[in-house]
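>>> I need the structure of the sequence given here:
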Amino acid sequence: MEHDFLIYIKEYHTGKQKAVSSAYLQDRFCISSRTVRMLVNQLRNDGNPICSGDNGYYYAADREELIASIRQMSSRIREISKARRGLVKALEHFPDDNGQLRLDLDNEAEKR
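Here you go, the predicted structure:
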């Protein structure tokens, strides 16, 4: 599936002007939106230049498109990081079973 998905995006949706919506990819491949996101993520992890924008996913046609997508992703990471910091701060209102107000989240994640 991953290979077919990559070949399809590369052949028919190279360049921002040919972006394709997640809904279309869901119908085309008979998969869920979650599966589309998982496939795109895995292809990106493997080094494939799958970009996204307001109109959907596309295979980068050039360096500029790829850089624009990287910048957009970096901006989202910063916003998610701010939200995470806010949630960590909110932990002050929810002490754990030991009466502690703060948790070491990294150690908590490793335990699970």
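>>> for the biggest helix by length in the chain, what is the average pLDDT?
Determined from DSSP state H, the single longest helix within the chain is helix 63-90. Regarding helix 63-90, the rounded mean pLDDT is 96.
>>> who are the packing partners of that helix?
Packing partners of helix 63-90 (3 or more CB pairs under 8 Å, 6 or more residues apart in numbering; DSSP states H and E): strand 50-53. Placement of C-beta: from N, CA and C, glycine included.
>>> which SSE is immediately downstream of the strand it packs on?
Following strand 50-53 in sequence order, the next helix or strand is strand 56-59 (DSSP states H and E).
>>> how about the residue nearest in space to the middle of the chain, secondary structure?
Nearest to the mean C-alpha position of the chain, counting by CA atoms, centre = their mean, stands Asn41 at 6.2 Å. On the three-state scheme (DSSP: H, G, I helix; E, B strand; the rest coil), Asn41 is labelled helix.
>>> for the chain, give me the ranges with low pLDDT.
99-112 (pLDDT under 70).
>>> returning to what we had before: show me the contacts for the residue nearest to the centre of the chain.
Contact analysis of Asn41 by CB atoms under 8 Å, 6 or more residues apart in numbering lists nothing.
>>> ok, it to Ala61 distance?
Going from Asn41 to Ala61 by CB to CB, to the nearest Å gives 21 Å.
>>> can you check Val88 too?
40 Å.
>>> settle it for me: which of those two has more neighbours?
Ala61 (16 against 12; other CB atoms under 10 Å).
>>> got the contact list for the more buried one?
14-16.
>>> which ones among the residues you listed lie within strands?
Secondary structure of these is defined by DSSP state E; no position falls in strands.
>>> nothing else from me, thank you.
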